[in-house]
Every structure is written in C-alpha cells, then in structure tokens.
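Participant: Next input, structure requested:
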Amino acid sequence: MLLLASPDLFGLSKTAATLAYALGIIHFILTISTNFSGGIFKIIPLKLHGLIEFFVSIILVILAFTLFKGNLVDEIFYACSGLLILIIFTLTDYKRSLPIIL
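Facilitator: Numbers count the residues shown, from 1 in each chain. Sure thing, here's the model as predicted:
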C-alpha cells in the first residue's frame, strides 16, 4: 500500500511514480499469490517470493543511484525502499512453507 501512496506522499517524479505504482500492483499480486498465511491463491512458493524480493531490493538500490541520480527525493525513496526490502528479506524465514491447499 505504501508503494501506491508514495507518489503523492513524497512528490515523486513521473518516472518514479509510474515505477512505484507498477511495483505496488506487482507486489500486491505476488503477495496474494504466495503460499503463506497472507496468500489467497497460494500458487507461488514462499522461497520464490523471497528470491523475487531479494532481486527487486538490489535493483531498486541500483536504480536509485543510476536512473534517479540527480533527483534527491526519488533517489532517497528508491534507495530506502530497496534497503527496507533487503532488511525484510534478511529477517524473514522463507524456508518455512505451507502445503498447497486446493
């Protein structure tokens, strides 16, 4: 939800806002599709969800200092978002898995 509200909250540029909206929608779909207690459809293994979050966190930090370099608000937003996702990745037990219930 924060990703969807971020463009208005932080005054992101058009490019940064578009990416934030896209990431928010993709993350929502990923979350409801993941096989864990918060998932609705439970079709994506939790380990895969974790790997996706890991790679997205690295990409966001790289984008912060390349694509968004020169726009301090965008740069800080994406650097902090990437680092926050990386912290969540390191604190989450992605090995735990629930059986798929059909």
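Participant: So what's the gap between stretch 45-54 and the chain middle?
Facilitator: 11 Å (Cα atoms, centre = their mean, to the nearest Å).
Participant: Any stretches of this protein with poor pLDDT?
Facilitator: Along the chain, the parts satisfying pLDDT under 70 run over 96-102.
Participant: Which parts of it are strands?
Facilitator: In the chain, no strands are defined using DSSP state E.
Participant: Show the contacting residues for Phe89.
Facilitator: When contacts are counted by Cβ atoms under 8 Å, 6 or more residues apart in numbering, Phe89 touches Gly50, Glu53, Phe54, Ser57. To be clear about C-beta, it is placed using only N, CA and C from the backbone, and glycine gets the same treatment.
Participant: quick one: which of those residues sit in helices?
Facilitator: Gly50, Glu53, Phe54, Ser57 (DSSP state H).
Participant: Can you verify my assumption that the last one contacts Gly82?
Facilitator: Okay, so that is Ser57. Yes. Here Ser57 lies in contact with Gly82, judged by Cβ atoms under 8 Å, at a distance of 4.7 Å.
Participant: related to what we said a few turns ago, can you say which of the ones in helices among the contacts of Phe89 are buried?
Facilitator: Buried by 16 or more other Cβ atoms under 10 Å: Gly50, Glu53, Phe54, Ser57, out of these.
Participant: For those residues, give me a markdown table that also has distance to Phe65.
Facilitator: Putting those into a markdown table (distance: Cβ to Cβ, whole Å) gives the following:
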| residue | distance to Phe65 |
| --- | --- |
| Gly50 | 24 |
| Glu53 | 20 |
| Phe54 | 18 |
| Ser57 | 14 |
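Participant: Please identify which of those is nearest to Ile88.
Facilitator: Among these, Glu53 lies closest to Ile88 (Cβ to Cβ), at 7.0 Å.
Participant: Find the nearest non-adjacent residue to the closest one, please.
Facilitator: Phe89 (5.1 Å; Cβ to Cβ, 6 or more residues apart in numbering).
Participant: again, but for Ala16
Facilitator: With sequence-adjacent residues excluded and distances taken as Cβ to Cβ, 6+ apart, Ala16 is closest to Asp74, at 4.1 Å.
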